[in-house]
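Q: Structure here, sequence nowhere to be found:
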């Protein structure tokens, strides 16, 4: 028997309608790409996104068409998203840090018809324009006065583009499973694969991640999403902030410590979010120039594990709570948040930091399990680690155009590629990537934990651990070290440092010293390259 | 184009799975009907609801079947809900305060197969048992030891009933639009009409009403739902509390001021919810016996308008924030919550209380409009009032078995039967019921506002205003007054009191003094009866 409640599809543009009426006057502050800091409101943003939708429709954009954005976080970028969404078209965010060939490949793969681009990235577009097969118009996110000289034949300034129409437009209404956004994962191997969010998945993700013990954002918050909208669905803040009437501060292209500090203090930001690298820059800035963060209540840190020292600095030195989080592009993107349950309120100092090293627990919309290589579930005991698999309404079931084939197990879980343990309270901690974990005699050795311990040695600048084939054990760890400038650490000393901190069978037989470890465009260690480099490595003794 | 995210239906029993694993050890305290206060956990509740589901299946309950509950708020009642939900069957909550004939009518109309009943209500069931056409088994919510003597042939004690099976049971999985719960509205005229909630509507309601600026409940909260689960879907707290890992305190049958005060203080309740009558009893208790509410952070008050003096008492005397709310059975049930937006943080004293007299603003899932009698939208100016209509995923589109026919307007909005104004910030205030508003010469006069002003007169115990036909104006207000014991107010004096407080054309020509005003079973003024009483009223002069 069916219930008798109204059909009311979960459509993302209803968020901007809601914010634009019920929270109409809440400010949206942007550091514009042209330079000045500009302030607008949700009511303005709603009107302008209606204009964007009307103008895109005039340009021939239809339901299901892809529209690309290559842009920083600004009110303009956000209103472009909502305008696209309101037509049933698909926002496709592009990471400008990708290599040119990848950019070309994915713009063509997505068959984007229009490209919205920030002034900053016009040179990139000029470079690749000849190879773009489907882009009809390049809309430069500025006004006519600030329009740059460009050799792009089909470029128009944004403000003139949308000024051709008014905001008298009726949003589309359609099935909530309609595709809403497209974001490619920057896989370390092979071509990037597109994750295709739906209106429903974005809305449910925003609902569940806004909860009190997840991001806990409300109308009293001033939220600054430093994490770019082109990075993993912008951690959904372009949806969850207006959904809750939070004010927004959009940092544009300036993410250095000084610029971020200026916005945090000037606009009394209460909650902000980004990867550890950004916060390292902020903390360095504060170290060098002094300063305080009296308004900032909490900072969401994810993308890679948050260093313990960073959590400590924010909390003890600046009185800002750290919310350690984990997620991935395929998860819309947030999976877990390490908020402190009331049972752990009494923890202080090192004990509290220990707990906060975990990536946290999920909302109801993320089901987790850890399994061995055969798919057998592992216990939630806080030490046994296994492949982390997830299921939920905002988790991918397949990639755009079927890339990568079937990706769910027989129970419908997606393998995150991470290895983790989970404690009995549901707190999860990532211990490795599954392709990097070292399988030695039936036991798993975490390459990340070994690396973390190795960089704790005073002479080690960077460390990487890979598995190398071993006849007896299957695989054994090989430790690759970049010594600190001027130091010449010795193997025995390193091994001694490790031996008092990890289990005996984890100890690498081999330690290799190199000048540099290879990295991906996004700063992660390129373990595939390392494995290639050392595949014919002959033991030193 | 469809998005490529996982199918993951919104099913209510996923809430107890989530709470039972991620918030496994959070306590659920109940004042049992047998007497003692008992404590259990979400993990226990999950196990026992699996048992309930398995046992109901064994009893032949299938997808779509209705199972009735006539019970107070206890952990048992909640686990019964989840057990029913996990089969795709439908919990049908029954208000024991209804007249016997109505009880019989709606148990038969719903075709309930099993009835779960608290000890308190066994006499009622005994009284009507012979007239129940579809009930196969009456499960009395107690154990064998506390089983009463009963002439019910088909009665079994709950604990023995579920002990016949273990908790090894797999929840059903089905379309999220499947019916989940049935709750009849206690209409003032005609037969009650059934509202049929779906799994989806309950989940979306719980998500949106849990938001920071709505109920704002989290794992740190200890929530006491005093509003009974049989009243308007229990204000959804049986879903929103476990969804957010809040601890629960269930008051059972004892709602007098002393009992409520004992639970509030003993179990450090942080948030509670009920109608004004309950809070009046608590405040009287505090007046009489003294006491403080140091743990209580906020109290949700709805069901009828929260008196200004009550808000003032809670806030100024006890430091407890009042969340004035509005909703109805047809809305799952919450529609608006009067939380203070940051723009109004500066309000104090009388100004803050003025704002809090409003019923508040909605979450995204409740769209509102006010219209005149012809359906023409009225402005959001905070004074023009109109018929309040709502639309959203947790709003009814029709009643059970088609009772009442078509209930939505051409835009899909449901007419709430309330008259309200809305200000430009989205704050709504109810000014009347649409059937009670007096239409005089094209202008609307609020009967409720007139009543409120009238009871402000020192000699008036209760006041009711109805419209009486008038040749020139269409309708004019008639004021019916119950004087305070020992006082004999006079008409001129009452009219003078009104004349300095309301617009001139609102002033009633007629004031009638009576000994008693008729009320419904739930304590509301029976205006239909009043109108009958005074339909042949001859003006006194």
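A: That came in fine, so what should we check first? As the structure is a prediction and not an experimental result, all values here were calculated from the model.
Q: Grab the nearest non-local neighbour of the residue nearest in space to the middle of chain A.
A: For chain A, residue A:232 is the residue whose C-alpha lies nearest the centre (Cα atoms, centre = their mean; 4.1 Å). The shortest distance from residue A:232 to any non-neighbouring residue, by Cβ to Cβ, 6 or more residues apart in numbering or on different chains, is to residue A:333 (3.8 Å). Every residue, glycine included, has its C-beta placed from N, CA and C.
Q: Report the contact partners of the one you found.
A: A:232, A:233, A:235, A:236, A:327 (Cβ atoms under 8 Å, 6 or more residues apart in numbering or on different chains).
Q: what does the helix or strand harbouring residue A:28 contact?
A: Assigning secondary structure by DSSP states H and E places residue A:28 in strand A:27-31. The contact list for strand A:27-31 (Cβ under 8 Å, 6+ apart) reads A:37-42, A:44-45, A:73-76, A:78, A:247-254, A:259, A:263, A:267.
Q: Once you drop chain neighbours, what's closest to residue A:440?
A: Using Cβ to Cβ, 6+ apart and skipping residues adjacent in sequence, the residue nearest residue A:440 is residue A:473, 4.5 Å away.
Q: Residue A:441 is in contact with that neighbour, correct?
A: Yes. Using Cβ atoms under 8 Å, residue A:473 is in contact with residue A:441, at 4.7 Å.
Q: between the two, who's got more neighbours?
A: residue A:473 (18 against 12; other Cβ atoms under 10 Å in any protein chain shown).
Q: quick revisit: which of the contacts of residue A:333 sits closest to residue A:416?
A: Closest approach to residue A:416 among those (Cβ to Cβ): residue A:327, at 9.3 Å.
Q: The closest one and chain B, how far apart?
A: Look at residue A:327 and chain B: by Cβ to the nearest Cβ, to the nearest Å, they are 14 Å apart.
Q: Let me see the contact set for that residue.
A: A:232, A:235, A:302, A:333, A:334, A:335, A:336.
Q: secondary structure element for whatever residue of the stretch 401-541 of chain A ends up closest to chain B?
A: Nearest residue of the stretch 401-541 of chain A to chain B: residue A:426, at 4.0 Å (Cβ to the nearest Cβ). For residue A:426, there is no host helix or strand (DSSP H and E).
Q: ditto for residue A:481
A: Using DSSP H and E, residue A:481 falls in strand A:474-483.
Q: Other residues contacting that strand?
A: The contact list for strand A:474-483 (Cβ under 8 Å, 6+ apart) reads A:438-441, A:445, A:447, A:450, A:454, A:459-470, A:489, A:494, A:506-517, A:530, A:534, A:537.
Q: Provide the partner residues of the closest residue to residue A:152 other than its chain neighbours in its beta bridges.
A: Nearest residue to residue A:152, sequence neighbours excluded (Cβ to Cβ, 6+ apart): residue A:138, at 5.3 Å. Counting by DSSP bridges, residue A:138 forms beta bridges with residue A:115, residue A:155.
Q: need the contact list for the closest residue to chain B within the stretch 51-200 of chain A.
A: Minimum separation of the stretch 51-200 of chain A from chain B (Cβ to the nearest Cβ) falls at residue A:198, amounting to 2.6 Å. Residue A:198 makes contact with A:176, A:177, A:178, A:179, A:180, B:2, B:3, B:4, B:5, according to Cβ under 8 Å, 6+ apart.
Q: Likewise for residue A:382?
A: Under the criterion of Cβ under 8 Å, 6+ apart, the contact partners of residue A:382 comprise A:421, A:422, A:423, A:424, A:427.
Q: mind checking pLDDT for it?
A: Listed pLDDT for residue A:382 reads 96.
Q: Residue A:532 too?
A: 89.
Q: Run a quick neighbour tally on it.
A: 11.
Q: for chain B, what are the nearby residues on the stretch 101-250 of chain A?
A: When proximity is defined by Cβ under 8 Å from any Cβ of the partner chain, the stretch 101-250 of chain A lies next to chain B at A:175, A:177-180, A:195-201, A:204, A:207-208, A:210-213, A:216-221, A:243-245.
Q: so residue A:272, which of the three states?
A: strand (DSSP: H, G, I helix; E, B strand; the rest coil).
Q: Pull up the gap between it and chain B, please.
A: As judged by Cβ to the nearest Cβ, residue A:272 and chain B stand 17 Å apart.
Q: hang on, the earlier thing: looking at the contacts of residue A:327, spot the one nearest residue B:412.
A: Set against residue B:412, the nearest of these by Cβ to Cβ is residue A:334 (32.4 Å).
Q: residues contacting the closest one?
A: Contacts of residue A:334 (Cβ under 8 Å, 6+ apart): A:205, A:209, A:214, A:235, A:236, A:302, A:325, A:326, A:327.
Q: Name the nearest residue to the third one, ignoring sequence neighbours.
A: Spelled out, that is residue A:214. The nearest residue in space to residue A:214 (Cβ to Cβ, 6+ apart) is residue A:337, at 4.9 Å.
Q: in the sheet, who's paired with the one you found?
A: residue A:325, residue A:361.
Q: what about it, distance to residue B:223?
A: Noted for residue A:337: a distance of 21 Å to residue B:223, by Cβ to Cβ, to the nearest Å.
Q: now swap in residue A:278 and tell me
A: Taking Cβ to Cβ, one finds residue A:278 at 37 Å from residue B:223.
Q: Now residue A:233: phi and psi?
A: Phi and psi for residue A:233, reported as degrees, to the nearest 10, are phi 60, psi 20.
Q: And residue A:106, by the same measure?
A: According to degrees, to the nearest 10, residue A:106 has phi -80, psi -30.
Q: count of neighbours near it?
A: 22.
Q: before we move on, the earlier item: distance from the chain centre to the following helix or strand past the strand holding residue A:28, please.
A: Counting by DSSP H and E, the element after strand A:27-31 in chain order, helix or strand, is strand A:37-41. From the chain centre to the centre of strand A:37-41 is a distance of 25 Å (Cα atoms, centre = their mean, to the nearest Å).
Q: ok, now stretch A:380-395?
A: Using Cα atoms, centre = their mean, the offset of stretch A:380-395 from its chain centre is 19 Å.
Q: what's near enough to touch the nearest residue to residue A:237 once chain neighbours are set aside?
A: For residue A:237, ignoring the flanking residues on the chain, the nearest one in space by Cβ to Cβ, 6+ apart is residue A:225 at 3.9 Å. By Cβ under 8 Å, 6+ apart, residue A:225 lies in contact with A:73, A:234, A:235, A:237, A:238, A:241, A:248, A:250, A:251, A:272, A:273.
Q: Looking at those, which is nearest chain B?
A: If you rank the contacts of residue A:225 by distance to chain B using Cβ to the nearest Cβ, residue A:241 comes first, at 11.8 Å.
Q: What are the contacting residues of whichever strand or helix holds that closest one?
A: Assigned by DSSP H and E, residue A:241 falls within helix A:237-243. Contact with helix A:237-243 is made by A:12, A:15-16, A:18-19, A:23, A:42, A:45, A:78, A:81, A:202-203, A:205-207, A:209-210, A:215, A:217, A:221, A:223, A:225, A:227, A:229, A:246, A:248, A:273, B:364, as judged by Cβ under 8 Å, 6+ apart.
Q: And the next helix or strand past the helix or strand residue A:430 falls within?
A: In this structure, residue A:430 is located in strand A:428-433 according to DSSP H and E. Where DSSP H and E defines the elements, the next helix or strand beyond strand A:428-433 is strand A:438-440.
Q: Please work out which residues outside that next one touch it.
A: Contact with strand A:438-440 is made by A:444-447, A:465-467, A:470, A:473-477, A:505, as judged by Cβ under 8 Å, 6+ apart.
Q: Can you point out the buried residues in whichever helix or strand residue A:494 is part of?
A: Applying DSSP H and E as the criterion places residue A:494 in helix A:491-499. Neighbour-count burial for helix A:491-499, counted by 16 or more other Cβ atoms under 10 Å in any protein chain shown, picks out A:491, A:494, A:497, A:498.
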